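Q: Dropping a prediction and its sequence here:
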Amino acid sequence: MSAPRTRPALRRLLTLEAPVAVPDGGGGVRESWEALGALWSDVQAISGIEIVSGEREEVRITHRVIVRGAPEGALSRPRADQRFRDGRRVYGIKAVAEHDPQGRYLICWAEEGAGI
């Protein structure tokens, strides 16, 4: 018999953002981010890596972010091309899957660090 699953502790309010193309004034476009809404979440750091390239140092941290479930296509359902924001902290979403068989929660694998 398997142990009962505990409910995630959704205590952090993150803003879900999606990329949008914005005219740059010179005939081209640049990428910007548009807030889609706020999601209560459970954020846990999983692993980290420090990369040194020349004199530049980058730190990247992988996080597991759990949010309430939402149907495919819903604006409140995170996607891999989106990101979460918590003030100045930004988490680029790498993958999303159902956390439980009923789809009550989603698990998002996200990376915090340079280049996001």
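A: Yes, it's here. Numbering: from 1, shown residues only.
Q: going forward, measure contacts and count neighbours with C-alpha atoms only.
A: Noted.
Q: what's stretch 51-63 in contact with?
A: 43-50, 109-114 (Cα atoms under 8 Å, 6 or more residues apart in numbering).
Q: in this structure, which spans are strands?
A: 12-23, 29-53, 56-68, 83-86, 89-98, 105-113 (DSSP state E).
Q: Highest mean neighbour count out of those?
A: Highest mean neighbour count among the strands of the chain (mean count of other Cα atoms under 10 Å): strand 105-113, with a mean of 21.
Q: So what are the sheet partners of that one and their directions?
A: strand 56-68 (antiparallel), strand 89-98 (antiparallel) (DSSP bridges).
Q: Quick one, which of those gets closest to residue 6.
A: strand 56-68 (12.6 Å; Cα to Cα).
Q: tell me the average confidence for that closest one?
A: Throughout strand 56-68, pLDDT has a mean value of 90.
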